[in-house]
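In: coords below, sequence missing:
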């Protein structure tokens, strides 16, 4: 591995066959050094080699405590936190957290469901969610109650935003509803399993009784909104599902179909009391909401509202 200069978090995740959030946890504890290129974290090949050598079983070294172990020692870099999700607003949140506290945010770009499952396994500090439940019409809470079993948590609204179809300029196929996905020869592009956009599509297919096997391109996955919108813009596909902001960035037309409730979940423990207080104060501040509103296409009328809290 040492013939490469450096790796992205995703590349190291694939090399070590572990989740990206596991790597963020190791970075958070200072066990693997990183450096930044813009918003991207990278790992030197030599640092990765050193980590592997230091943790081989035939050496007299101590393995790092398992992720999620309540007895682990987090004193080193104990103020680092991981925020998961892809929306640019999370970068604004991270900036405010770093400015107004001793926490140093690290960003994970893992999808909503996968991040929530990782939180159950002890990875991640702030998880952003936009998970639609077709049976109740609700966002997020039905999933959290099923996955974070046995945990105390707080669910706080970050913002609301429109989700729907990315279509070619002028919407030549006149796509206006989920049932239009029944059309023959319509080619789509999908998001990766575990992402909020993927779950939204799958739930809409289910409640509208549309078989994914009949949809051309359903198995073709991209890992972010921009890539999906770009595939539509380039004419590779007819339609994709995502949020309004990406449509304007890539310059494709957008067909709004649903208002997403985009929330943050944080586990409630004695160690997270200060973090929760910090996040609540930031979300309720005029400065944070003004910055978010300057982006356009976001609704902050409920930002900072406690959606649900266990006691």
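Out: Thanks, I have it. This one's a predicted model, so the numbers in the text were calculated from it and none came from an experiment.

In: just so I have it, where are all the strands in the stretch 151-300 of the chain?
Out: Listed in chain order, the strands of the stretch 151-300 of the chain (DSSP state E, counting those that start in this stretch) span residues 153-167, 188-191, 221-222, 239-243, 253-267, 298-299.

In: how about those in JSON lines, adding mean pLDDT and distance to residue 211?
Out: In short, each C-beta sits where N, CA and C put it, glycine included. Formatted as JSON lines, the strands of the stretch 151-300 of the chain follow (pLDDT from 0 to 100; distance: least, C-beta to C-beta, whole Å):
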{"stretch": "strand 153-167", "mean pLDDT": "98", "distance to residue 211": "19"}
{"stretch": "strand 188-191", "mean pLDDT": "97", "distance to residue 211": "13"}
{"stretch": "strand 221-222", "mean pLDDT": "96", "distance to residue 211": "18"}
{"stretch": "strand 239-243", "mean pLDDT": "97", "distance to residue 211": "17"}
{"stretch": "strand 253-267", "mean pLDDT": "98", "distance to residue 211": "20"}
{"stretch": "strand 298-299", "mean pLDDT": "98", "distance to residue 211": "34"}
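
In: residue boundaries of the helices in the stretch 1-150 of the chain?
Out: With helices called from DSSP state H, counting those that start in this stretch, the stretch 1-150 of the chain shows them at 9-16, 20-28, 45-54, 89-100, 112-120, 141-147.

In: could you check the angle helix 9-16 makes with the third one?
Out: Note on geometry: by axes from the mean of the first three to the mean of the last three C-alpha atoms, to 10 degrees, helix 45-54 and helix 9-16 are set 30 degrees apart in direction.

In: Helix 45-54 packs against which elements?
Out: Contacting helix 45-54 under the criterion 3 or more C-beta pairs under 8 Å, 6 or more residues apart in numbering; DSSP states H and E are the following elements: strand 6-8.

In: Check which helices and strands the strand it packs on sits against.
Out: strand 40-44, helix 45-54.

In: Tell me which of the strands of the stretch 151-300 of the chain sits most buried.
Out: Ranked by mean neighbour count, the strands of the stretch 151-300 of the chain are led by strand 239-243 with a mean of 27 (mean count of other C-beta atoms under 10 Å).

In: That one pairs with which strands, and in what direction?
Out: The pairing partners recorded for strand 239-243 under DSSP bridges are strand 153-167 (antiparallel), strand 188-191 (parallel).

In: Can you pull out the residues in contact with the shortest one?
Out: Strand 188-191 is contacted from outside by 111, 181, 197-198, 201, 215-223, 228, 231-232, 236-242, using C-beta atoms under 8 Å, 6 or more residues apart in numbering.

In: re the thing from before, I'd like the strands of the stretch 151-300 of the chain written out as a markdown table, with distance to residue 311 added.
Out: Putting the strands of the stretch 151-300 of the chain into a markdown table (distance: least, C-beta to C-beta, whole Å) gives the following:
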| stretch | distance to residue 311 |
| --- | --- |
| strand 153-167 | 10 |
| strand 188-191 | 35 |
| strand 221-222 | 39 |
| strand 239-243 | 33 |
| strand 253-267 | 14 |
| strand 298-299 | 29 |
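
In: Quick one: residues contacting the closest residue to residue 165 other than its chain neighbours.
Out: Leaving out its chain neighbours, the residue that sits closest to residue 165 by C-beta to C-beta, 6 or more residues apart in numbering is residue 255, at 4.1 Å. Under the criterion of C-beta under 8 Å, 6+ apart, the contact list for residue 255 reads 164, 165, 167, 171, 175, 176.

In: what's the closest of these to residue 280?
Out: Comparing the contacts of residue 255 against residue 280 with C-beta to C-beta picks out residue 164 as the nearest, at 30.4 Å.

In: thinking the closest one is in contact with residue 252, fair?
Out: No. Checked against C-beta atoms under 8 Å, the pair residue 164 and residue 252 is beyond contact range at 11.5 Å.

In: Please spell out the ChimeraX selection for the buried subset of the contacts of strand 188-191.
Out: The buried subset of the contacts of strand 188-191, as determined by 16 or more other C-beta atoms under 10 Å, is captured in ChimeraX by this line:
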select :111,181,197,198,201,215,217,218,222,228,231,232,237,238,239,240,241,242
